[in-house]
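>>> here is the input, now give the coordinates:
(one chain, ligands or ions: 1)
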Amino acid sequence: MTARTDTRVRSISHRSLVDRVTEELQRAILNGDIAPGSTISIVELCKEFDVSHIPVREALRRLESEGVVSLRPGRSAVVASLSADDLSNIYSLRKLIEADLVVKATPRLDAATLERADAAMKEYATIEREASRLAAAHHAFHAAFLDDVLGTADRRVLELLWTSSDRYLHLLLSDLDKGPEKTQARIDEHQELLELARAGRTEELRDAWVAHLDSSEQALLQALAARDK
Ligand SMILES: [Zn+2]
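Purely as a prediction, here's the structure:
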């Protein structure tokens, strides 16, 4: 087969290579193997992955669109730092957008959706230390409520905000207060959201949802301050 450079789309094998590089970089950044604020050399990454610079650059571009890294002129990228301002900014946007969506979503919640949220919450309650499973179950819980009312733009913006807050959760999990009381309090907050949804109490659900985002933000800010000490 002759190599063509003028094709409209790239071959699947190239795409899946980019997927794999993106996934691996994301994993290394989320678990702190590549530290926040550190510089990544594209040349070194190519050596470590044993691939050309094309998939590495493409992977970094994707991560840049998620706010995880910034590409620098030349051959490097910088991993986004964790900061209290950034964290508060993410949460204030989430409160604005999600409060509005919860009001829209509540009257439409059916038994199957609430069942999905309930299953996600039960799973969430059993996970202690595995950040990616914890984040996935937590994400599934909140997404179950909002899925039906998300427009394309809402979804894009929320995914970005969720990914950004998940990064804080991943990196700060070991610093979060994991005492039994705190853990139970977090499960109770989700349980309360579910009960308000079952009862169709829209306004109370909205307020509890915002209060829940507030307490998640406070817990992460405390963990961030403890880590910086
Ligand atoms: Zn939650």
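>>> all contacts plus neighbour counts: C-alpha atoms, from now on.
Fine.
>>> which parts of the chain are strands?
With DSSP state E as the criterion, the chain has strands at 39-41, 69-72, 76-79.
>>> now the last one: average pLDDT?
Strand 76-79 shows an average pLDDT of 96 in the prediction.
>>> contact partners for the spatially most central residue of the chain?
Residue closest to the mean C-alpha point of the chain, counted by CA atoms, centre = their mean, is Thr163 at 2.3 Å. Listed by CA atoms under 8 Å, 6 or more residues apart in numbering, the contact set of Thr163 reads Glu66.
>>> what's the offset of stretch 155-163 from the middle of its chain?
8 Å (CA atoms, centre = their mean, to the nearest Å).
>>> ok so, going back, for the residue nearest to the centre of the chain, give its distance to Ala199.
Distance, Thr163 to Ala199, using CA to CA, to the nearest Å: 30 Å.
>>> let me see the ranges of the helices in this protein.
In order along the chain, the chain carries the following helices (DSSP state H): 12-30, 42-49, 53-65, 84-105, 111-126, 131-146, 152-172, 180-198, 202-228.
>>> please parse this structure into its domains.
Domain ranges of the chain: 12-79, 84-228, per automatic domain parsing.
>>> now the end-to-end length of the last one.
Just to be clear, that refers to domain 84-228. End-to-end distance (CA to CA), domain 84-228: 11 Å.
>>> now that domain: mean pLDDT?
92.
>>> how far off centre is that domain?
Relative to its parent chain, domain 84-228 has a centroid offset of 10 Å by CA atoms, centre = their mean.
>>> please apply the same query to stretch 59-68.
Distance of stretch 59-68 from its chain centroid, counting by CA atoms, centre = their mean, is 13 Å.
>>> check contacts around Arg94.
Counting by CA under 8 Å, 6+ apart, Arg94 makes contact with Leu158, Leu161, Leu213.
>>> what's the neighbour count on the last one?
This means Leu213. 18 (other CA atoms under 10 Å).
>>> how close does it sit to Ala225?
Distance from Leu213 to Ala225, by CA to CA: 18 Å.
>>> please apply the same query to the second one.
Leu161 sits 21 Å away from Ala225 when distances are taken as CA to CA.
>>> likewise for the first one?
Using CA to CA, we find Leu158 at a distance of 26 Å from Ala225.
>>> comparing those two, which residue is more hemmed in?
For the pair Leu158 and Ala225, the greater number of neighbours falls to Leu158 (18 against 13), based on other CA under 10 Å.
>>> residues in contact with the more buried one?
The contact partners of Leu158, by CA under 8 Å, 6+ apart, come to Arg94.
>>> ok, it to His139 distance?
Applying CA to CA, the value for Leu158 to His139 is 11 Å.
>>> Ile29 too?
19 Å.
>>> nearest to Leu71 among the contacts of Arg94?
Leu161 (19.9 Å; CA to CA).
>>> can you give me every residue that contacts the spatially closest residue to the closest one that is not a sequence neighbour?
Nearest non-adjacent residue to Leu161, counting by CA to CA, 6 or more residues apart in numbering: Ile90, 6.1 Å away. Ile90 makes contacts with Leu161, Ser164, Ser165, as judged by CA under 8 Å, 6+ apart.
>>> just put those in JSON lines and tack on neighbour count and distance to Val9.
Converted to JSON lines, the contacts of Ile90 look like this (neighbours: other CA atoms under 10 Å; distance: CA to CA, whole Å):
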{"residue": "Leu161", "neighbour count": "20", "distance to Val9": "29"}
{"residue": "Ser164", "neighbour count": "18", "distance to Val9": "29"}
{"residue": "Ser165", "neighbour count": "21", "distance to Val9": "33"}
